[in-house]
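Q: coords please:
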Amino acid sequence: MTTTHSASRTARERARAELTREIKEEARRQLAASGAQDLSLRSVARELGMVSSALYRYFRSRDELLTALIIDAYDALGTAAETASSALPAADIRGRWRAACTAIRDWALANPHEYALIYGSPVPGYRAPEATIGPASRVPLAFAGVVGDALASGELAAPPEALPVTGALAEQAAALSAALSVTATSAASSGALASVPPDALVRAVIAWTQLYGMISFELFGQFVGSFEPAEALFAYTVAQLTAFVGLR
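A: Here you go, the predicted structure:
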């Protein structure tokens, strides 16, 4: 009897997981068609041939469904960056940085609507819950980990023209370093991140925002008629950002 009950529960869990996947896939199709602001549980239920009340057993609100999509997107992007970086030897600091940058661009080009969901215009009326913070931290942690490893191996040096980081900016950088150290998944990474100087961390953040700005320009058609296709410009930009961060 226990075995039968367990098998029945497992079958229900599989069925629930499959329907949850179908709901999110339909939601992504609607994101691509009309954007996050027009997403509704009612329209998703209609396309899946369900009544709205049945869908509410899986997601209690549109915002809860959006949160699930956002977490999935952050996790997919984080996995892409982490996998690309870890595929190279730990000592290949510049190679790991370039690989992570390239993986992020590749993922964005392959998943433009999910990229827009997490890095595009805010969705009116939606406020991301705390559950999104961990997944959203995966990409910056991947970059910060490379910078920390570069420092530990003597491969990090400020470029000659670098400006000093002082005052409020230095305080913010120190607070960010401490937060990243707490979020890091291993003791070794935590120690490396805690040791990163404020100026190096600020340069890494600048490089990170420049990277996303360039990807957004390419993705949303801002290079049409100029740097299109953008592969050469992207490769040049990543090389420049690598030097700007101070990765030898």
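Q: can you give me phi and psi for L156?
A: Main-chain torsions, L156, degrees, to the nearest 10: phi -120, psi 130.
Q: if I look at Q37, how far off is T237?
A: 31 Å (C-beta to C-beta, to the nearest Å). For every residue, glycine as well, the C-beta is placed using N, CA and C.
Q: I meant Y119, not that one.
A: For Y119, the distance to T237 - C-beta to C-beta - is 17 Å.
Q: Give me the more crowded residue out of those two.
A: T237 (19 against 15; other C-beta atoms under 10 Å).
Q: In contact with that one, which residues?
A: Q210, L211, M214 (C-beta atoms under 8 Å, 6 or more residues apart in numbering).
Q: Would you mind giving the residues you listed as a markdown table with secondary structure added?
A: Listed next are the contacts of T237 as a markdown table, based on DSSP: H, G, I helix; E, B strand; the rest coil:
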| residue | secondary structure |
| --- | --- |
| Q210 | helix |
| L211 | helix |
| M214 | helix |
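Q: buried stuff in the helix or strand harbouring A200?
A: Assessed by DSSP states H and E, A200 sits inside helix 198-219. By neighbour count with 16 or more other C-beta atoms under 10 Å, helix 198-219 contains the buried residues 198-205, 207-208, 211-212, 214-215, 218-219.
Q: got the angle for whichever helix or strand comes after that helix vs helix 198-219?
A: For helix 198-219, the succeeding helix or strand toward the C-terminus, using DSSP H and E, is helix 231-245. If you take axes from the mean of the first three to the mean of the last three C-alpha atoms, to 10 degrees, helix 231-245 sits at 170 degrees to helix 198-219.
Q: distance between helix 231-245 and the chain's centre?
A: On the basis of C-alpha atoms, centre = their mean, to the nearest Å, helix 231-245 sits 20 Å off its chain's mean C-alpha point.
Q: i'd like the first residue to be 33 from this point on
A: In the new count, where the first residue is 33, that last one comes out as helix 263-277.
Q: what mean pLDDT does it have?
A: Regarding helix 263-277, the rounded mean pLDDT is 95.
Q: can you pull the buried residues of that helix?
A: L265, F266, T269, V270, L273, T274, F276, V277.
Q: which residues make contact with stretch 57-74 from outside it?
A: By C-beta under 8 Å, 6+ apart, stretch 57-74 touches 75-76, 79-80, 84, 87-88, 91, 93-94, 97-98, 101, 145-146, 149, 155-156, 158.
Q: element containing D138, please.
A: Applying DSSP H and E, one finds D138 within helix 125-142.
Q: same for that helix, what does it pack against?
A: helix 94-118, helix 165-184, helix 230-251, helix 263-277 (3 or more C-beta pairs under 8 Å, 6 or more residues apart in numbering; DSSP states H and E).
Q: tell me how far it is from the chain's mean position?
A: 12 Å.
Q: the inter-axis angle of it versus helix 165-184?
A: 150 degrees.
Q: Output helix 125-142 as CSV, nothing but the C-alphas.
A: Provided in CSV are the C-alpha atoms of helix 125-142 (Å, rounded to 0.1, in the frame of the first residue of the first chain):
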residue,chain,number,x,y,z
ILE,A,125,42.5,34.2,-16.6
ARG,A,126,42.0,36.2,-19.8
GLY,A,127,40.7,33.2,-21.6
ARG,A,128,38.1,32.5,-18.9
TRP,A,129,37.0,36.2,-18.9
ARG,A,130,36.6,36.2,-22.7
ALA,A,131,34.8,32.8,-22.6
ALA,A,132,32.3,34.1,-20.1
CYS,A,133,31.7,37.3,-22.1
THR,A,134,31.1,35.4,-25.3
ALA,A,135,28.8,32.9,-23.6
ILE,A,136,26.6,35.7,-22.3
ARG,A,137,26.4,37.3,-25.8
ASP,A,138,25.6,33.9,-27.4
TRP,A,139,22.8,33.2,-24.8
ALA,A,140,21.3,36.7,-25.3
LEU,A,141,21.2,36.3,-29.1
ALA,A,142,19.6,32.9,-28.8
